[in-house]
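A.B. asks: when you get a sec, could you give me coordinates for this:
(one chain, ligands or ions: 1)
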Amino acid sequence: MADLALDLADFITASPTPYHAVAEAVRRLTEAGFTEQPEAGEWSTEPGGRYLVRDGTLLAWWQPAGTRPGTPMRIFAAHTDSPTLKVKPRPDTGAAGWRQVAVEVYGGALWNSWLDRDLGLAGRLALYDGSTVLVNVARPLLRVPQLAIHLDRQVNQGLTLDPQQHLLPIWGLGAPSDGDLIEFLAAEADVDPDEVAAHDLVVHDLTPPARLGEEEELLAAPRLDNLASVHSGIGALLAAAERSPGVIPVFVGFDHEEIGSETATGAAGPLLESVLTRIAGGFDTRIASFALSRCLSVDVTHAAHPNYLGQYDPTHRSLPNGGPALKVNANQRYATDAPGAAAWARACRDAKAPSQYFVGKNTVPCGTTVGPIVATRLGIRTVDVGIPVLSMHSARELCGVQDPGLLTAAATAFMTDMT
Ligand code: ZN
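C.D. replies: Predicted coordinates for the structure are as follows:
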């Protein structure tokens with residue numbers, strides 16, 4: 001089980017952005033014999049493993065031999081993006097002899113967690129010829145420096161950060177000059193800077209993932225939300241493919257969950273529906289398929305925090321290494337219902353994996369994820385689960401080393417469940 005956590009650490013390090021997470025997942029799928037299904041190409045119904053990429057979103061599925069149109073699907077849905085700082089189109093700025101990078105906040109980041117860290121920069125460069133190139137500066141390049149306490153003695157009464165004024169990283173000394181950053185990144189990516197027309201770039205923390213605790217039973221890492229789930233989903237799909245069940249296991253990792261999913265490649269967009277419709281054999285046969293299909297929506301959940309227990313329901317809180325938690329909300333901020341919960345319970349029993357609950361305290365509204373969106377768009381029964389983490393949306397989060405393996409085992413059982 002703990003070995004899987006170490007593999008998760010490698011996956012996270014290789015995946016500073018959704019585009020890199022998709023590339024790393026594709027590398028693993030290709031190694032296992034999966035082939036690309038181009039979105040605009042002829043549709044293949046041959047048995048075997050296939051994947052489809054659009055930007056930071058990845059779909060992958062296993063078509064078992066002998067499946068007919070209308071065969072039910074077992075879908076694992078997660079998201080590839082994480083809260084961070086995103087570079088603005090004209091990044092070169094600065095003041096008082098410092099060169100800085102203009103950024104805006106992406107998603108619901110804990111801003112303070114980005115302070116005083118060695119930061120890298122990664123993403124994609126879009127060229128005039130229509131192609132995109134991945135770039136990853138994985139060495140200390142940037143820092144968002146705190147103000148010394150001597151210059152603000154009140155800071156420990158409550159830190160206030162203005163995202164326009166206080167979150168701009170420095171990247172060296174000198175006068176800012178238009179085009180500097182892109183010129184530097186073009187050299188890193190080995191492309192002509194004059195051919196770079198646009199970019200999607202984010203900062204990422206460079207501290208390597210580490211095991212923590214006396215028994216090393218915890219894993220500290222960036223982007224556990226939600227690369228821990230993406231990693232388990234790819235592992236579960238590959239394990240399900242080996243069993244070649246009479247259902248079709250499907251993985252989807254959406255971009256843009258952290259900003260509400262309402263984008264062309266987000267969960268509220270048309271991509272999953274169009275791909276599932278084609279896997280199901282068309283509009284007529286998809287009705288039968290969708291009626292018998294199920295979706296496991298997987299996103300990290302809140303581990304009980306010992307210093308803030310008042311924020312939790314005392315009988316529905318979870319701990320690291322107790323297995324993934326089933327997420328329930330009466331107002332369907334999580335899509336779980338009783339038959340879905342039973343399917344999850346069956347999967348956990350088959351996999352001999354323990355499971356916990358997360359239900360929010362009645363006075364603390366809970367978050368949400370892709371599950372309710374997929375359920376609403378497609379009418380497919382969906383169940384929300386996730387491994388417990390501390391410090392969700394921090395630049396560095398914390399989970400148990402056993403849980404990624406337990407989640408992968410339970411998800412494999414869910415994705416091969418013929419019931
Ligand atoms: Zn998440």
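A.B. asks: could you use CA atoms for every contact and neighbour count after this?
C.D. replies: Will do.
A.B. asks: which bits of this protein sit near the ion?
C.D. replies: Asp225, Asn226, Asp299 (Cα under 5 Å from the ion).
A.B. asks: may I ask which of the residues you listed has the most neighbours?
C.D. replies: Most neighbours among the residues of the chain next to the ion, by other Cα atoms under 10 Å: Asp225, with 29 neighbours.
A.B. asks: confirm that it sits in a helix.
C.D. replies: Yes: judged by DSSP: H, G, I helix; E, B strand; the rest coil, Asp225 forms part of a helix.
A.B. asks: how many other residues sit next to the closest residue to it other than its chain neighbours?
C.D. replies: Of all residues not flanking Asp225 in the chain, Val300 sits nearest, at 5.7 Å (Cα to Cα, 6 or more residues apart in numbering). Neighbouring residues of Val300 were enumerated by other Cα under 10 Å; the total is 25.
A.B. asks: same check, this time on Arg68
C.D. replies: Neighbour tally, Arg68, other Cα under 10 Å: 15.
A.B. asks: is it in a helix, a strand, or coil?
C.D. replies: Assigned by three-state DSSP, the conformation of Arg68 is coil.
A.B. asks: try Ala220
C.D. replies: Assigned state for Ala220: strand (three-state reduction, three-state DSSP).
A.B. asks: show me the contacts for it.
C.D. replies: Contact analysis of Ala220 by Cα atoms under 8 Å, 6 or more residues apart in numbering lists Pro209, Ala210, Arg211, Leu212, Arg396, Glu397, Leu398, Cys399.
A.B. asks: which of these fall in strands?
C.D. replies: Ala210, Arg211, Leu212, Glu397, Leu398, Cys399 (DSSP state E).
A.B. asks: now those: which count as buried?
C.D. replies: Buried members of the ones in strands among the contacts of Ala220, scored by 16 or more other Cα atoms under 10 Å, are Arg211, Glu397, Leu398, Cys399.
A.B. asks: what's the pLDDT at the residue nearest to the last one when sequence neighbours are not counted?
C.D. replies: Once flanking residues are discounted, Cys399 sits nearest to Val389: 4.6 Å by Cα to Cα, 6+ apart. The predicted structure scores Val389 at 98 on the pLDDT scale.
A.B. asks: biggest separation within the buried ones among the ones in strands among the contacts of Ala220, which pair?
C.D. replies: Across those, the longest distance by Cα to Cα is 11.9 Å; it joins Arg211 and Glu397.
A.B. asks: which one of the contacts of Ala220 is nearest to Gly94?
C.D. replies: Relative to Gly94, the closest of those is Arg396; by Cα to Cα it sits at 27.0 Å.
A.B. asks: quick check: the closest one vs Leu219, distance?
C.D. replies: 10 Å (Cα to Cα, to the nearest Å).
A.B. asks: of those two, which one has the most company?
C.D. replies: More crowded of Arg396 and Leu219, by other Cα under 10 Å: Leu219, with 25 against 21.
A.B. asks: tell me what the more buried one is bridged to.
C.D. replies: Beta-bridge pairing for Leu219 (DSSP bridges): Arg211, Cys399.
A.B. asks: which residues does it contact?
C.D. replies: Leu219 makes contact with Ala5, Pro209, Ala210, Arg211, Leu212, Leu398, Cys399, Gly400, Val401 under the criterion Cα under 8 Å, 6+ apart.
A.B. asks: ditto for Ala241
C.D. replies: Ala241 neighbours (Cα under 8 Å, 6+ apart): Gly49, Trp62, Pro64, Pro249.
A.B. asks: single out whichever of those residues has the smallest pLDDT.
C.D. replies: For those, the least confident entry is Pro64, with 93.
A.B. asks: make sure it is actually in contact with Arg243.
C.D. replies: No: using Cα atoms under 8 Å, Pro64 is not in contact with Arg243, being 9.2 Å away.
A.B. asks: which of those two has more residues huddled nearby?
C.D. replies: Pro64 (21 against 12).
A.B. asks: okay, now His316: neighbour count?
C.D. replies: 17.
A.B. asks: show me where pLDDT drops low in the stretch 1-150 of the chain?
C.D. replies: 1 (pLDDT under 70).
A.B. asks: those strands in it, which residues are they?
C.D. replies: Using DSSP state E, counting those that start in this stretch, the strands of the stretch 1-150 of the chain run over 35-36, 48-54, 57-63, 73-79, 84-95, 98-106, 119-127, 132-142.
A.B. asks: to Ala197, which of those strands lies closest?
C.D. replies: Ala197 lies closest to strand 119-127 among these, at 5.1 Å (Cα to Cα).
A.B. asks: what average pLDDT does stretch 397-409 get?
C.D. replies: On average, the pLDDT along stretch 397-409 is 97.
A.B. asks: which SS state does Glu188 fall under?
C.D. replies: For Glu188, the secondary-structure state derived from three-state DSSP is helix.
A.B. asks: before we move on, the earlier item: of all the contacts of Ala241, which comes closest to the ion?
C.D. replies: Taking Cα to the ion as the measure, Pro249 is the one of the contacts of Ala241 closest to the ion, at 21.7 Å.
A.B. asks: now that closest one: closest residue in space, sequence neighbours ignored.
C.D. replies: Closest residue to Pro249 apart from its sequence neighbours, by Cα to Cα, 6+ apart: Arg74 at 4.8 Å.
A.B. asks: kindly report the same for Pro222.
C.D. replies: Arg396 (4.3 Å).
A.B. asks: the one you found reaches Pro208, doesn't it?
C.D. replies: No: using Cα under 8 Å, Arg396 and Pro208 do not qualify as a contacting pair, with a distance of 10.0 Å.
A.B. asks: common neighbours of the two, please.
C.D. replies: By Cα under 8 Å, 6+ apart, Arg396 and Pro208 have these common neighbours: Ala221.
A.B. asks: ok, now which ones touch His316?
C.D. replies: Taking Cα under 8 Å, 6+ apart, one finds Gln356, Tyr357, Phe358, Val359, Gly360 in contact with His316.
A.B. asks: same question, Gly371
C.D. replies: Neighbouring residues of Gly371 by Cα under 8 Å, 6+ apart: Ala77, Cys295, Leu296, Ser297, Val298, Tyr334, Ala335, Thr382, Val383, Asp384.
A.B. asks: A helix includes it, no?
C.D. replies: Yes: with three-state DSSP as the criterion, Gly371 is part of a helix.
A.B. asks: that one and Ala240, how far apart?
C.D. replies: Distance of Gly371 to Ala240, computed by Cα to Cα: 21 Å.
A.B. asks: same question, Glu104
C.D. replies: 40 Å.
A.B. asks: repeat that for Pro89.
C.D. replies: For Pro89 relative to Ala240 (Cα to Cα), the value is 42 Å.
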